[in-house]
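J.: need the 3D shape of this:
(2 chains)
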Amino acid sequence: MDFLSDTVTLSRIQFALTAIFHVIFPILTTGMGIYLVVIEGLWLKTRNPDYYLHARFWAKFYVLNFGVGVATGIPLEFQFGTNWAPFSDAVGNFFGSVLGFEASWAFMLEAAFLGIMLFGWERVNPAIHYLSTILVAVGANLSVVFILTANSWMVTPAGGDLVDGKFMVTDYFQALFNPSAATSITHMFFATFETSLFVIGGISAWYILNDLHAAFFAKTLKLVLAITLIVAPLQIYMGHVSAELVYRYQPAKLAAMEAQWETSPAGRPADWTLLALPNKKTEKNDWEIRVPGALGYILEFKKNLSEPVLGLKEWKPENRPQALGLIYYSFRIMIGIGFFLAAMTLLTAVQWLRGKLSDENIAKQRWLMRAWMFSAPLGYIAVETGWIVRCTGRQPWTLYNKIRTVDSASLVPASNVLTSLICFAAVYALLFVSYLYFGSRIVRKGPNFDLPIPGVNVNQPAIDTTPGEFVPDERPVEAQQ
Amino acid sequence: METLKYFLPQVWFGVLGLFLFLYVMLDGFDLGVGILSLTSDDDDRRGLLMTSLSNIWDANETWLVLMGGGLFGAFPRAYGTILSALYIPIFIMVFGFIFRGVAFEFREQSTRKFFWNFAFGAGSFAAALGQGFALGAVLFGIKVDEKGYFIGGTWDWLTWQSVLVALTLIQAYVLIGSTYLIWKTEGELQTTHYQSAKLSAWTTLVGAIFITVSTPIFYESARTKLFEPPLLYVFAVIPFLGIFLIWRLLKSLDRKQERAPFIWTILLFVLTFLGLALVVFPYIIPTQITIYEASADPSSLVIMIIFVGTLIPVMLFYNLYSYVVFRGKVAGNSYE
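T.: Next comes the predicted model:
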């Protein structure tokens, strides 16, 4: 139990725990934000009250996630100072600015307009309300842009260099648009959107399966399906593009992701392992399932590698990522989920074309509905495992190839970090249980069908439509003109 | 270039001061309302108190996130040093925020409102307490080495001065929370907060006097600075202005005015803030590190002025707009 007295390790565990827990909540708000824009747009266009009720219903999940997301996000920002002061000092010139951009461009926008989106239905006109919903979604997604920009810069630093231990920026735009930024932002954007869609789809499937408001929720399921049909394959493609960036800029991470100990030279096909058990001591895999010649097809869609794939042995042990098994299996879980979700979307689409998703038939698709329910948490697992690959694969560096993790941590006493870590673990366990409990309560309660529809005033006194008594005009004909 | 080296950190000192002031004012009344909710014995009433904040608390808290991001970007060394020196108060605040933040949404769904009402109140109290300790510790000194890294002990922040500052800050939050509730509520609830406002105005005054008197007595650096012109004249005027404002505040409370107490309280906050800023300037960690030593590269400061500074009026505008949308007395807001 040596790590209990090691500030760096404890600070890493604490950051990992708080980040892994925090990300659950913004995943749903960023993705669902877009969905709410779509739903409210449909309502404004068709004036079908179902869409309005959908907007109100799903917004409840939005706000539940938003609250926990804000509460758990603040510790992350402060930890850069409390636990990673030397890192903050070294990279403040760029990294700190980006966090400032995020707060001013994204957080404030989302927070300020969320109030109007949730409580403003009766207070502002529909156009302003719709604008608020759009700005909330924009704010949430801008957070993804800035956080991924900052994190991508840690992975592929650009736009300057370390001078006396401090990163001096020579070109801000090069740093902002660092090599992996655009791809990572897109990959995460699709990740949050796809995960949210499967949560919405999974909850809808639960209602359909239990025959509660089946027609109402069949509407969302089909809408979700129509969007995932595009998003799920695109996400697989973005995953591929991301892996190519790792191949190019972070060969050590790629070697860990594929458990490659030996370098595979260019111009020849190379083997790929489907499953393996990497062993750090013997520097090879204890066992593996090999697919001969597959690596070239996976990385470049062709038989021969155009660049060598470096093996882990190219680096000294202290410069390699350490958690090999974690990285290797997390990567495979993420990919497996990505393909599973795409396949299920396709299967459901086939059933849709066969007319099996009509209001009468949809409740009979029991296995399909169960598969959708089962898929609701899968997106989260894919995102978490993806981030584990991204961040543990970057080790032993915080700023890739420039600043080591061991040199980044504050020299606070280990007992302090241990205490705050235990508090986080206990509080987050309580929050997670409460969150699931209250989330399931919203589901069990179901939508409120008695909500007054804005613009359709039900309480208005009915206009008197009884025909008035005919009173003949008795004035002279000339005066009647 | 030389002038830029001085001018830019000064601009950012001002900008961060503005963010911190907006935070202390806006989340100040949020936290104050939270602390006040602990004294209420009626769960429905606590519900109404929380409702009065449900559409604004997150935007208010965002000013602190913004101030944190700005401090990180503009004065990275100060960010790291201050936060690692204040490890415990910062986490007291953070855990306070966590409980308070989730309480808003969990309470809405819960049938046992009691627990989450309490989480809201206790969380607000913890957040205010952590902030008070942090403020006190920063004002009264953090031990650093010649490079500006923290070298003190874990419990350095806990001194009688920081306790005094923390207690006073809590009183001030209760005061602004009470005057906010006077503005936003009516009837019995309003009557209660005329009383709490009056009480907290007196306790805040006592705390403020203690801090004002003890600072020059115990701190040589503050003494030499305060008792030399031109600051001498400023600091001769501030106490009188403060007493004038408190007198007007108490008078407006006696007259049962609805908005004036809130406005007088804000003016008091402005005055206190200006006083503190003048004492602290040009330090970011008082009497140890100046803003010029701790600041980021000038080019970073320029980029941040372009990307963050220009957005300040926009942020102020839409925050103000949301207050206009939700103007008037609080009624039962609900997601249903």
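
J.: residues touching residue A:71, list them.
T.: Listed by C-beta atoms under 8 Å, 6 or more residues apart in numbering or on different chains, the contact partners of residue A:71 are A:431, B:97-102. Every residue, glycine included, has its C-beta placed from N, CA and C.

J.: possible to save these as CSV with distance to residue A:339, pLDDT and secondary structure?
T.: CSV is the format used below for those (distance: C-beta to C-beta, whole Å; pLDDT from 0 to 100; DSSP: H, G, I helix; E, B strand; the rest coil):
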residue, distance to residue A:339, pLDDT, secondary structure
A:431, 32, 91, helix
B:97, 40, 92, helix
B:98, 37, 91, helix
B:99, 40, 92, helix
B:100, 42, 91, helix
B:101, 37, 88, helix
B:102, 35, 89, helix
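
J.: just the buried residues from the residues you listed, in PyMOL please.
T.: Applying 16 or more other C-beta atoms under 10 Å in any protein chain shown to these, the buried members can be selected in PyMOL as follows:
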select buried, (chain A and resi 431) or (chain B and resi 97+98+99+100+101+102)
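
J.: just give me the neighbour total for the closest residue to residue B:190 other than its chain neighbours.
T.: Sequence neighbours aside, residue B:182 is the residue nearest to residue B:190 in space, at 5.6 Å (criterion: C-beta to C-beta, 6 or more residues apart in numbering or on different chains). Neighbourhood size, residue B:182 [other C-beta atoms under 10 Å in any protein chain shown]: 27.

J.: isn't residue B:182 up against residue B:197?
T.: Yes - the pair formed by residue B:182 and residue B:197 meets the contact definition of C-beta atoms under 8 Å, at 6.4 Å.

J.: any common contacting residues for these two?
T.: Shared contacts of residue B:182 and residue B:197, counting by C-beta under 8 Å, 6+ apart, come down to residue B:261.

J.: quick check: the residue of the stretch 51-200 of chain B nearest chain A.
T.: Nearest residue of the stretch 51-200 of chain B to chain A, counting by C-beta to the nearest C-beta: residue B:76, 2.2 Å away.

J.: next, the contact list for residue B:308, please.
T.: So residue B:308 contacts A:97, A:100-101, A:104, B:15, B:70, B:73 (C-beta under 8 Å, 6+ apart).

J.: now tabulate those in a markdown table and tack on pLDDT.
T.: Putting those into a markdown table (pLDDT from 0 to 100) gives the following:
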| residue | pLDDT |
| --- | --- |
| A:97 | 86 |
| A:100 | 86 |
| A:101 | 88 |
| A:104 | 86 |
| B:15 | 91 |
| B:70 | 89 |
| B:73 | 87 |
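
J.: of those, select the buried ones using a ChimeraX command.
T.: This is the ChimeraX syntax for the buried subset of the contacts of residue B:308, where burial follows 16+ other C-beta under 10 Å:
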select /A:97,100,101,104 /B:15,70,73
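
J.: closest to residue B:159 among the contacts of residue B:308?
T.: residue B:70 (27.5 Å; C-beta to C-beta).

J.: so which strand or helix has the closest one?
T.: helix B:57-74 (DSSP states H and E).

J.: return the distance of that helix from the chain's centre.
T.: Distance of helix B:57-74 from its chain centroid, counting by C-alpha atoms, centre = their mean, to the nearest Å, is 12 Å.

J.: return the list of helices and strands in contact with the next helix or strand after it.
T.: Per DSSP H and E, helix B:57-74 leads on to helix B:76-85 as the next helix or strand towards the C-terminus. Where contact means 3 or more C-beta pairs under 8 Å, 6 or more residues apart in numbering or on different chains; DSSP states H and E, helix B:76-85 is packed against helix A:49-82, helix A:85-91, helix B:57-74, helix B:113-139, strand B:283-285, strand B:289-290, helix B:291-294.

J.: the last one vs chain A: in contact?
T.: No - with C-beta under 8 Å from any C-beta of the partner chain as the criterion, chain A is not reached by helix B:291-294; the gap is at least 9.2 Å.

J.: that older thread, how about the helix holding residue B:70 as CSV, C-alpha atoms only?
T.: C-alpha atoms of helix B:57-74 as CSV (Å, rounded to 0.1, in the frame of the first residue of the first chain):
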residue,chain,number,x,y,z
TRP,B,57,-27.9,30.0,-8.8
ASP,B,58,-25.8,28.3,-11.5
ALA,B,59,-25.2,31.5,-13.5
ASN,B,60,-24.1,33.2,-10.3
GLU,B,61,-21.8,30.4,-9.4
THR,B,62,-20.3,30.6,-12.9
TRP,B,63,-18.7,33.9,-12.0
LEU,B,64,-16.5,32.0,-9.6
VAL,B,65,-15.6,29.5,-12.3
LEU,B,66,-14.8,32.4,-14.6
MET,B,67,-12.7,34.1,-11.9
GLY,B,68,-10.9,30.8,-11.4
GLY,B,69,-10.2,30.3,-15.1
GLY,B,70,-9.1,34.0,-15.4
LEU,B,71,-6.8,33.7,-12.4
PHE,B,72,-5.3,30.5,-13.9
GLY,B,73,-4.7,32.1,-17.2
ALA,B,74,-3.6,35.6,-16.1
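
J.: picking up where we left off before, can you pull the contacts of the nearest residue to the residue of the stretch 51-200 of chain B closest to chain A once chain neighbours are set aside?
T.: Using C-beta to C-beta, 6+ apart and skipping the chain neighbours, the partner closest in space to residue B:76 is residue A:92 (2.2 Å). Neighbouring residues of residue A:92 by C-beta under 8 Å, 6+ apart: B:72-73, B:75-77, B:79-80, B:296, B:300.

J.: now stretch B:207-217 - C-alpha only, CSV.
T.: The C-alpha trace of stretch B:207-217 is given here as CSV (Å, rounded to 0.1, in the frame of the first residue of the first chain):
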residue,chain,number,x,y,z
GLY,B,207,-16.8,42.3,12.3
ALA,B,208,-15.9,45.0,9.8
ILE,B,209,-14.8,47.3,12.6
PHE,B,210,-12.7,44.6,14.2
ILE,B,211,-11.0,43.8,10.9
THR,B,212,-10.4,47.5,10.0
VAL,B,213,-8.9,48.3,13.4
SER,B,214,-6.8,45.2,13.8
THR,B,215,-5.2,45.2,10.4
PRO,B,216,-3.0,48.3,10.9
ILE,B,217,-2.2,47.3,14.5
